[in-house]
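Engineer: Next input, structure requested:
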Amino acid sequence: MKYIWDALIYNVQKPNDEDYDMYLKESLKQRNIVDVDFALTTFNMSNFSNGLNLGDNTIGDVVCPGLSIWGDKDVVVLEYMIDETVEALSNVQKVVLKDSAHSPFENKLNELIELITNFI
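Structural biologist: The predicted model follows:
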């Protein structure tokens, strides 16, 4: 599991050994990962098919401001995925974190805090 996390989650910067061990142990306790994956593929608010389900066209009902933060080294969520969401929403700011992967809490914590604090 650590090999997978090194390749996908922590491909820029790894947590300290103690935290990393804790994250791995706790993640292996997660029992609903299949349910999460099912929800990710079936929940589709867009105006098009995601390849598995037709969208329900409710994306246009979202009017609140949003902040979309993406790390330019993320190999789990690709930029086109973020762009599709940003383009579908009317009031979303996209921010790209340089040299950050799927875990900006590890890669760019101070920048992430500042972005969220300023947004709120």
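
Engineer: Please make it C-alpha for all contacts and neighbour counts, starting now.
Structural biologist: Will do.

Engineer: Doesn't residue 54 belong to a helix?
Structural biologist: No - assigned with DSSP: H, G, I helix; E, B strand; the rest coil, residue 54 falls outside any helix and is coil.

Engineer: List the contacts of it.
Structural biologist: Taking CA atoms under 8 Å, 6 or more residues apart in numbering, we find residue 54 in contact with 44, 47, 48.

Engineer: for the closest residue to the first one other than its chain neighbours, phi and psi?
Structural biologist: Take residue 44 and drop its neighbours on the chain: the residue closest to it by CA to CA, 6 or more residues apart in numbering is residue 55, 4.8 Å away. As for residue 55, its main-chain torsions (degrees, to the nearest 10) stand at phi -70, psi 160.

Engineer: what's the distance between residue 55 and residue 99?
Structural biologist: Residue 55 is 33 Å from residue 99, where distance means CA to CA, to the nearest Å.

Engineer: Check residue 62 too.
Structural biologist: From residue 62 to residue 99 the distance is 30 Å (CA to CA).

Engineer: in the protein, what spans have low per-residue confidence?
Structural biologist: For the chain, applying pLDDT under 70 flags no range at all.

Engineer: Now do the strands in it.
Structural biologist: Along the chain, the segments classed as strands by DSSP state E run 66-71, 92-97.

Engineer: Pick the most buried one from those.
Structural biologist: strand 66-71 (a mean of 18; mean count of other CA atoms under 10 Å).

Engineer: name the helices or strands packed onto it?
Structural biologist: Packing contacts for strand 66-71, counted by 3 or more CA pairs under 8 Å, 6 or more residues apart in numbering; DSSP states H and E, involve helix 79-88, strand 92-97.

Engineer: Could you list the buried residues of stretch 75-93?
Structural biologist: Neighbour counts using 16 or more other CA atoms under 10 Å place 85, 86, 89, 90, 92 of stretch 75-93 among the buried residues.
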